[in-house]
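# After the sequence you'll find the predicted model.
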Amino acid sequence: MKHVTEPAYVRWSLIAVAFLFLGLFLILPLIAVFTEAFKQGADVFFAAISDPETLSAVKLTLLVAAISVPLNVTFGVAAAWAIAKFSFRGKNVLLTLIDLPFAVSPVIAGLIFVLLFGSEGIAAPLLATLDLKIIFAVPGIVLATTFVTFPFVARELIPVMEAQGKDEEEAAVSLGASGWKTFWRVTLPNVKWGILYGVILCNARAMGEFGAVSVVSGHIRGMTNTLPLHVEILYNEYQFAAAFSVATLLAVLALVTLVVKSVIEWKTERQFEVEEEYHFDVSGERAG
Amino acid sequence: MSIEVVNISKTYKNFTALQNVNLHIPEGELVALLGPSGSGKTTLLRLIAGLEQAQQGSILFNGEDNTNRDVRERQVGFVFQHYALFRHMTIFDNIAFGLTVRPRKTRPSKAEIREKVHSLLRLVQLEGLAHRYPSQLSGGQRQRVALARALAVEPKFLLLDEPFGALDTKVRQELRRWLRHLHGKLGLTILFVTHDQEEAMELADRVVVMNEGRVEQVGTPEEIYHKPANPFVYSFLGRVNLFHGRIQDGRIKLGEAEFEAEHAHFDGPAVGYMRPHDVEVSLHPPKSSATTAVRAQIERITPLGPFVRLELKRLDTKEVFEAEMSRQRFLELNVVEGGLVYVTLHNVSIFVENAPAIKPTRVYVPQQVSI
Amino acid sequence: MSIEVVNISKTYKNFTALQNVNLHIPEGELVALLGPSGSGKTTLLRLIAGLEQAQQGSILFNGEDNTNRDVRERQVGFVFQHYALFRHMTIFDNIAFGLTVRPRKTRPSKAEIREKVHSLLRLVQLEGLAHRYPSQLSGGQRQRVALARALAVEPKFLLLDEPFGALDTKVRQELRRWLRHLHGKLGLTILFVTHDQEEAMELADRVVVMNEGRVEQVGTPEEIYHKPANPFVYSFLGRVNLFHGRIQDGRIKLGEAEFEAEHAHFDGPAVGYMRPHDVEVSLHPPKSSATTAVRAQIERITPLGPFVRLELKRLDTKEVFEAEMSRQRFLELNVVEGGLVYVTLHNVSIFVENAPAIKPTRVYVPQQVSI
Amino acid sequence: SAASQGTETGGTEAGGSAQAVELLNVSYDPTREFYQEINTEFAQEWKEKTGQSVTVKQSHGGSGKQSRSVIDGLEADVVTLALAYDIDALAERELIPADWQKRLPDNSSPYTSTIVFLVRKGNPKQIKDWDDLVKPGISVITPNPKTSGGARWNYLAAWGYALKKNGGDEAKAKEFVAALFKNVPVLDSGARGSTTTFVERGIGDVLIAWENEAYLAVNELGKDKFEIVNPSISILAEPPVAIVDKYVEKHKTKEVAEAYLQFLYSKKGQEIAAKNYYRPRSEEVLKAHTPAFSEIELFTIDELFGGWTKAQQTHFSDQGVFDQLYQP
Amino acid sequence: MKKLFSRRGFLPGFGMTMGYTIIYLSLLVLIPLSVLFLKASTLSWEQFVGTILDARVLASIRVSILTSFFAACVNAVFGVLVAWVLTRYQFPGKRIIDGIVDLPFALPTAVGGIALTSIYAENGWIGQYLAEWGIKVAYTPIGIWVALTFIGLPFVVRTVQPVLQDWDLQMEEAAATLGATRFHTFTRVILPHLLPAIITGFALAFARALGEYGSVVFISGNMPLKTEIVPLLIMTKLEQFDYAGATAIATVMLVASFVMLLMINYLQWRMNKFDAAR
Ligand SMILES: Nc1ncnc2c1ncn2[C@@H]1O[C@H](COP(=O)(O)OP(=O)(O)OP(=O)(O)O)[C@@H](O)[C@H]1O
Ligand SMILES: Nc1ncnc2c1ncn2[C@@H]1O[C@H](COP(=O)(O)OP(=O)(O)OP(=O)(O)O)[C@@H](O)[C@H]1O
Ligand SMILES: [Mg+2]
Ligand SMILES: [Mg+2]
């Protein structure tokens, strides 16, 4: 395969350049986070991550992710279905609108919910009569998080579903399966890796989101502080080591998703390899 | 179950894929839908299955209107061109799918399903492979799984879209034979799409020839081959030689060759169509009717196993044409490239052009004159 | 330019794709590489082009060792099965690509390139389409663009991987004819891959039959069809009937039929191979040598245009086999399904099994006995 | 939220009852440790006095941002912010009466602080007073007054010093402050950013900071690396506190909220403030901690700037004095 | 209704999923964002223009756009490189590298900003060596660029990677048989094919960079007219309770981003349509 690859020296220099770039921009910061976290020793580190307020922040962060990720998955799947399996006018505008939250500054993302649900906001009278609290409470945090992570699943799924085509769905329907059954038993299993990948990205961002959540959270300790906010507060209290310790929790989280993803990819690849092996079998069989 | 397609038209945006198609498929027949790529074969099949909605016309099953009925209620077995097997399910689950998605009331028990699937696996001769995945099968095996899957729901009829399109010649031959046996065994109505005329002729009780969204001819393979309704069908069904000439004074003139024309009561240009195997090649001028014989030079000899093809050039019109003969006859003739021979034209079909403004391939009128 | 493939072997991981392949392609020939899917055709082509590296053996161009030379230096025109046209380039740019990427010194001027591309477009009869994109062409047109692109760099020889694989029968026939003319015109050495035996026989000066990474036979289409070296070649090149029997006392017995065996100086099981068109069907027992005739029942009649195929069942061994005859002969015979006929077996080739432990198709030895 | 829970649990029968009550104290950074102590002590005292248990929830953030949150609906029972201006903003939205500052003693500021300098150990650049900060080659770290409340104190302290030194000459003061900001290489958005820049990045010769934050920084980040320098003149920073009438009424927590703020003035409260490096108002407590709080001549914002609203208007609004003098 | 949708194909659920998509999108994105415009519209036209045309705002827009643009450019180049290396080559640690690409999503941006500052400040791990060369990174526009490159990288890598994975190697082989060098093959054959994905990745990274706040404020130094970014100005306005001014700036940036994304999606669609044309 010499013709479709570069000479070894080019290959290795490219790899080296990629490493250098990633090293400067990704790996070093990661190392820095860990170094800062352990600067004052493991005691401080473990004290920080086992602090009750940290734990409650962890809980809230997980809760928020547990709500907003499924919401966005549902949306992503519905949107992907509508966009990938049908053709209609204005697809581009719809796609762009789905992308839009990527383009909104997180601070603004938080602000719009304040403008909407704040005590001077548009929906304030309604909320007052219903005695509902949205911002400076968990619903607001969920809303802001959902907003900023909105496009991930859909973005991931749409191309996958488009590539998949409609063949299998048509087959299922012609065999008498209802729409739901077709979706559950045929479409979903086919896009499950796409969904998982979308979930991983969405989840990572949901847990790591700071700007938007900061605006709507109210920073009430032990109640509306998510992990990133907790990091900020610790930092503002001159507890730098503790702040970074908590930040490592998030980094570790990212690394865990990395492992999950790798496992998934490894599994799919293996499945693929099995296919290839069988391909050989088949040709052997046929010729025999 | 019989199928009746009545005056169906289907348009995609501004492209007409089907135009006033009428078709009757009697119960129990094995019918081939033959036509070039893009002629609307798949579209027609999908309309019958209910996977697509027509703009106009109706589809009757056993005389009952089915046009607006849902795919699921039509009980049609559909085998897709690329099989569309469920990749993440084993062969067993693929075949069982149609049964397991039934509403609880009508769903067979697990044991019944297993029984059924295994009997189908036996039918398609894939008994050992129940637990493989589609990716672990060869093309021919996948094809058979797709068939078994469609049969599992006991469809009233079976639609197959280019069932053997993507397969090797050898595997294809095998599966064709197998499909014919299956048809004999189950007595289903089967409609299958192909663009290979040999496949259509070999397999089908009746062939429907389509072109550009229209049905050009319906008939038995014999009829289609030997009594083509128009030049399109003629040339689509096998190799063909074209001779350009005129009708004049009730006689047809193709270069030096001349024939009596029975139904030709007018003068004008005409085209003669002729199969290569109807070209008789001899070393000496035929004694009987010298007017149908012309002289030609052998340009190329291609032995093709059981028969030999000669590429010939008429000395009178310089038209190039082909002749096919058995190997035995060829050896008897003992000719070489460049040699001169006498050629007698048998079974020429003449199509007369009478509306020259429109596309030439479509405006010939089936005014066929057998000579 | 002539190509010499010497003792090439190629292994992917633990799978042997080619095994000690030797091949000589003389200058100016049009050679077909024929074989079932997975037999290593593409691999061999890629090795010659330099797109792949062999583990063993060498490749000579005009006697010069090219084994380790880079693809770019080999000056080989390669046409890929799925054309591999550059999607984002117009037809013009696709064809011009090979010229525009030349180093400045040897690169022709813009005007020269334009001239060249247009002459190639004329050659492949696509003059009006220079500014279209590949996606706006039909399959046959794309194929021709791929050819023109390969020809633009004036290759010393041309390699084509299943050039007509994905096309309609009609388009295929047309392109075959066109390729043959092109070959005649340019006098290039051409090696093309196919798994369609008719295509190979029709087009090629010489056919290379491959199976499981080995060359089974090399020869003219005539030789390959009429003197197959082994059962694989025999059955790959056309329809075939198999009769199982024994060699005993210097005679071959296939059921009731018996023949003299010249070279068979031993006793044991044997298989007779026979083409359907060599089966002679008659209503009365043949007078001459009654020992080669058997009785059979007609199971099915399939008219296939110029000829008719009968499916027959021997009354003695119950073996099912096919006979093919011209339509004329069939009409003369005037038989119906279920009728009884006499069948004379001509041209039976006997292959003797001598190493039963190994895969049966590969262990027959070309101990062919023409009768 | 904390506040609404307060309504449900403790609100119905305010005071006197054994029902638990919750307060939300919206404060600024970094008062966590200080208020944590206050909260425990107060809860104990309140329990003894009324038998009711009280939990105080804390919210911390930039002072301005916290004020905005309260305006936008963060239902704080009490606010304890860095600037009166931020509480004035609440008054403007009629969450509290305009005269809120008169409701509690000492301008509603139970503790004060001032602006000091943090320099590197041994004071290598010999920074003693404000004048040293405008010398060429001195690098000063202070946050952006437009985004940080603390930075506004820094700015006003410098301004006040120059004004006093030059006998009230506004132009001279402007020149002085402009010169000072010329020496600022990095304008962080908040006090912590500045501290990090100074401490961690090693940038700058002097950090202008609140007294209590300077102590915090020194204690947390390295007693051996930094020292505090008191300027001759500085501003009296008066972090104000107030109950948010609208919300205590809603939650029916007025009584306990008032008691909470009163507690800040009690001896115990003052002690805790002093311990956290806030200057107590109580003379007695101040004396007890005198070595820590050395004598500095302090001026108030009302004296020199006519109150926060006015100061904000003239100096920090768009196109205000700061925008004019700051020309990087 | 039924008739209308049934023509779109036989698959069920278009109405439901489309309806859900629109409703969810409206509730979560469109209505909230429209509030932004509403708020900005409380300003008179002169005020609005005045806010936008203020020297500091203009300067910050310049800084934001320039740094975001360069960050997106660098990401486009190195993102492709990383995607290329990850899909084409085998080397130790490949999986880890592949996973780490997502890190900027997971790490709170502020943490990222602080970590980067600690590396690139004058006394930082790398900053100290750069300082010897007279290069200052932290507290200069270069610092902003570093932070924005950090947060934008996954967008490019993750959009280019799948396209490269699906890429048909035969195109490269075809180019090779026609005598093209690797360089020619890459620039003339592969790159044009990757371009749509690169542009998308570029656009997303650029849009995201324009809005980024958390990581930048730590490394930028926030010097007005020099290293002040738009989101910081928005924050400044908010600190002064100037919601209308803040939303005015936000609106302008949002519209700009939207138009850019729309153009790119349209471009993409045009290209795809081209491909699908028969
Ligand atoms: N969804 C669609 N939108 C627009 N045009 C379509 C669509 N489906 C099919 N067509 C067009 O309708 C015509 C008929 O298509 P159809 O698939 O029925 O042809 P076919 O006879 O099956 O051809 P093939 O042998 O290539 O499968 C073609 O020209 C095709 O381009
Ligand atoms: N890159 C590869 N890695 C592993 N095995 C391969 C690879 N390429 C080809 N093979 C195997 O080598 C054998 C020969 O492949 P090749 O493509 O040459 O077959 P072919 O004769 O061209 O078949 P077809 O008619 O299907 O194109 C096949 O069994 C194939 O699975
Ligand atoms: Mg079709
Ligand atoms: Mg191949």
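Done, it's in. Ligands and ions are numbered 1, 2, ... in the order given.
# Partner strands of the longest strand seen in chain D, with direction?
In chain D, with assignment by DSSP state E, the single longest strand is strand D:111-120. As defined by DSSP bridges, the strand partners of strand D:111-120 come to strand D:206-210 (antiparallel), strand D:226-229 (antiparallel), strand D:233-237 (antiparallel), strand D:279-280 (antiparallel).
# and that strand, how far from the chain's centre?
Distance of strand D:111-120 from the chain centroid (C-alpha atoms, centre = their mean, to the nearest Å) equals 11 Å.
# C-alpha coordinates for the following helix or strand past that strand, CSV please?
Using DSSP states H and E, the next helix or strand after strand D:111-120 towards the C-terminus is helix D:130-133. Presented in CSV, the C-alpha positions along helix D:130-133 are these (Å, rounded to 0.1, in the frame of the first residue of the first chain):
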residue,chain,number,x,y,z
TRP,D,130,0.7,55.3,46.7
ASP,D,131,3.4,57.5,45.2
ASP,D,132,5.6,54.5,44.6
LEU,D,133,3.0,52.9,42.4
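# Show the contacting residues for the residue nearest to residue B:157 when sequence neighbours are not counted.
Nearest residue to residue B:157, sequence neighbours excluded (C-beta to C-beta, 6 or more residues apart in numbering or on different chains): residue B:189, at 3.8 Å. Using the backbone N, CA and C atoms, a C-beta is placed for each residue, glycine as well. Residues near residue B:189 by C-beta atoms under 8 Å, 6 or more residues apart in numbering or on different chains: B:1, B:2, B:3, B:25, B:26, B:27, B:28, B:29, B:31, B:156, B:157, B:158.
# And the pLDDT at the third one?
In this model, residue B:3 is scored at 90, pLDDT.
# What is the burial count for it?
If you count neighbours by other C-beta atoms under 10 Å in any protein chain shown, residue B:3 ends up with 23.
# Need the phi and psi values for it.
phi -120, psi 140 (degrees, to the nearest 10).
# what is it paired to in the beta sheet?
When assigned by DSSP bridges, residue B:3 has beta-bridge partners residue B:25, residue B:61.
# what's in contact with stretch E:46-63?
D:318, D:323, E:40, E:43, E:141, E:144, E:224-230, E:232-233, E:244-245, E:248-249, E:252-253.
# Give me the pLDDT for residue D:328.
60.
# Check residue D:317 too.
Per the predicted model, pLDDT is 84 at residue D:317.
# How about residue B:349?
In this prediction residue B:349 is given a pLDDT of 81.
# repeat for the one 3 residues further on
Residue B:352 is assigned a predicted lDDT (pLDDT) of 72.
# Check which helix or strand it maps to.
Short version, using DSSP H and E: residue B:352 is in strand B:349-353.
# out of the contacts of residue B:189, who's nearest residue B:145?
Of all these, residue B:145 sits closest to residue B:158, with 14.5 Å by C-beta to C-beta.
# Look up the pLDDT of residue E:3 for me, please.
pLDDT at residue E:3 comes out at 38.
# Output the strands paired with strand D:111-120 in TSV; the columns should cover mean pLDDT and mean neighbour count.
Shown next, in TSV, are those (pLDDT from 0 to 100; neighbours: other C-beta atoms under 10 Å in any protein chain shown):
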stretch	mean pLDDT	mean neighbour count
strand D:206-210	92	26
strand D:226-229	90	17
strand D:233-237	91	25
strand D:279-280	91	24
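# can you put those strands in JSON lines and add distance to residue B:278?
Converted to JSON lines, those look like this (distance: least, C-beta to C-beta, whole Å):
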{"stretch": "strand D:206-210", "distance to residue B:278": "105"}
{"stretch": "strand D:226-229", "distance to residue B:278": "109"}
{"stretch": "strand D:233-237", "distance to residue B:278": "112"}
{"stretch": "strand D:279-280", "distance to residue B:278": "118"}
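# Of these, give the one that comes closest to residue E:17.
strand D:206-210 (56.1 Å).
# touching chain E at all, the helix or strand following the closest one?
Using DSSP H and E, the helix or strand that follows strand D:206-210 in sequence is helix D:211-221. No. Taking C-beta under 8 Å from any C-beta of the partner chain as the criterion, helix D:211-221 and chain E are apart, separated by no less than 14.1 Å.
# So which elements touch helix D:211-221?
strand D:111-120, helix D:191-199, strand D:206-210, strand D:226-229 (3 or more C-beta pairs under 8 Å, 6 or more residues apart in numbering or on different chains; DSSP states H and E).
# quick one on the thing from earlier: out of the strands paired with strand D:111-120, the one nearest residue D:95 is which?
In terms of C-beta to C-beta, the element of the strands paired with strand D:111-120 nearest to residue D:95 is strand D:233-237, at 23.3 Å.
# List the residues that contact the one residue in the stretch 151-300 of chain D that gets nearest to chain C.
Residue nearest to chain C within the stretch 151-300 of chain D: residue D:189 (46.2 Å; C-beta to the nearest C-beta). Contacts here follow C-beta under 8 Å, 6+ apart; on that basis residue D:189 touches D:143, D:144, D:147, D:148, E:217, E:222, E:232, E:235.
# how's the chain carved up into domains?
I'll assume chain A. Annotated domains of chain A cover A:1-37, A:41-283 [automatic domain parsing].
# that's the wrong chain, I meant chain B
Split by automatic domain parsing, chain B gives B:3-233, B:239-364.
# now these in a markdown table, with distance to residue C:172?
Output for the domains of chain B, formatted as a markdown table (distance: least, C-beta to C-beta, whole Å):
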| stretch | distance to residue C:172 |
| --- | --- |
| domain B:3-233 | 10 |
| domain B:239-364 | 12 |
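# out of those, nearest to residue D:228?
domain B:3-233 (68.5 Å).
# any bit of the closest one sitting next to ligand 2?
No. On the criterion C-beta under 6 Å from any ligand atom, domain B:3-233 is out of touch with ligand 2, staying 7.7 Å away.
# First-to-last residue distance for that domain?
Taking C-alpha to C-alpha, to the nearest Å, domain B:3-233 runs 23 Å from one end to the other.
# So it, near ligand 1 or not?
Yes. Legend: contact between domain B:3-233 and ligand 1 by C-beta under 6 Å from any ligand atom is shown at B:12, B:15, B:17, B:35, B:37, B:38, B:39, B:40, B:41, B:42, B:43, B:195.
# list the contacts for the third one?
This points to residue B:17. B:10, B:11, B:40, B:43, B:213.
# Then the fourth one?
Remark: with contacts taken as C-beta under 8 Å, 6+ apart, residue B:35 is in contact with B:41, B:195, B:209, B:210, B:211, B:216, B:236.
# cutoff 10 Å now
Listed by C-beta atoms under 10 Å, 6 or more residues apart in numbering or on different chains, the contact set of residue B:35 reads B:41, B:44, B:193-195, B:197, B:200, B:208-216, B:232-233, B:236, C:168.
# isn't there a strand covering residue B:322?
Yes. Counting by DSSP: H, G, I helix; E, B strand; the rest coil, residue B:322 is found in a strand.
# number of nearby residues for it?
Residue B:322 is flanked by 19 other residues according to other C-beta under 10 Å.
# and if you look at the one 4 residues further on?
Look at residue B:326: counted by other C-beta under 10 Å, it has 17 neighbours.
# Residue B:284 now?
Residue B:284: 7 neighbours (other C-beta under 10 Å).
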